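Asker: Quick check, what structure comes out for this input:
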Amino acid sequence: MRVQVTAGLACAALLVVGLVVYRHNNSAAGNSPSRRSAAERSVVPSTAESLRVELREPLPESEADWQRVLTAEQFRVLRRKGTERAFTGAYWQSKVEGVYCCAACGQTLFHSDHKFDSGTGWPSFYQPIDEEHISTREDNGLFSRRTEVLCRRCDSHLGHVFDDGPRPTGLRYCMNSAALQLDTTRKSD
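Answerer: Here you go, the predicted model:
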């Protein structure tokens with residue numbers, strides 16, 4: 001019992017330290033909406049706006065190039081394999097029709113018809129538009145075994161896939177809103 005309590009306290013301490021570091025890094029990076037430039041704010045997706053996502057050509061070659069074209073939050077999630085907080089992303093409860101594309105390169109990923117409410121606080125889909133548009137790899141970080149989902153075109157981190165989803169696939173592609181851009185002009189792909 002004493003070992004379980006000690007391990008639990010250690011995990012709680014790690015979470016608190018992580019949250020403090022996360023908040024410090026975001027405030028130091030000027031990641032609050034009021035501190036970003038108007039151009040930077042304009043690329044943050046909104047479920048209310050209609051936008052056309054185009055394939056980024058050519059793809060940035062270095063992480064420094066990616067950092068210049070993505071918002072701080074997009075860079076943290078897409079290129080540094082971060083996870084946004086549950087129930088905070090732009091798309092977790094969106095019911096807007098369209099095609100979800102990779103926020104880094106514009107690759108089509110998921111259709112709104114395949115989106116479902118998983119209750120997790122992240123946008124969840126039971127299948128991608130095309131299996132060839134994503135790749136997966138084993139992720140053993142954070143003391144757990146998961147399957148990471150990446151954009152096959154630009155190798156950006158999108159989220160994870162789990163086998164507790166609805167029919168017909170039984171899969172739950174749990175994505176970060178920061179990794180996605182909704183193209184409402186495209187109803188199918």
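Asker: hey, let's count contacts and neighbours off CA atoms from now on
Answerer: OK.
Asker: any low-confidence regions in the protein?
Answerer: Residue ranges of the chain with pLDDT under 70: 1-53, 142, 187-189.
Asker: Could you pull out the helices in it for me?
Answerer: 2-28, 38-42, 63-69, 72-74 (DSSP state H).
Asker: At which residues are the strands of this structure located?
Answerer: For the chain, the strands defined by DSSP state E occupy 99-102, 108-111, 115-116, 124-125, 134-139, 146-151, 157-162, 172-175, 180-183.
Asker: Who are the packing partners of the second one?
Answerer: Packing contacts for strand 108-111, counted by 3 or more C-alpha pairs under 8 Å, 6 or more residues apart in numbering; DSSP states H and E, involve strand 99-102.
Asker: Note down every partner strand of the strand it packs on and its orientation.
Answerer: strand 108-111 (antiparallel), strand 180-183 (antiparallel) (DSSP bridges).
Asker: D65 is nearest to which of those?
Answerer: strand 180-183 (18.9 Å; C-alpha to C-alpha).
Asker: just to revisit the earlier point, name the stretch from the strands paired with strand 99-102 that approaches G141 most closely.
Answerer: strand 180-183 (22.4 Å).
Asker: From R85, how far out is P128?
Answerer: 23 Å (C-alpha to C-alpha, to the nearest Å).
Asker: So the two - more neighbours on which side?
Answerer: P128 (17 against 10; other C-alpha atoms under 10 Å).
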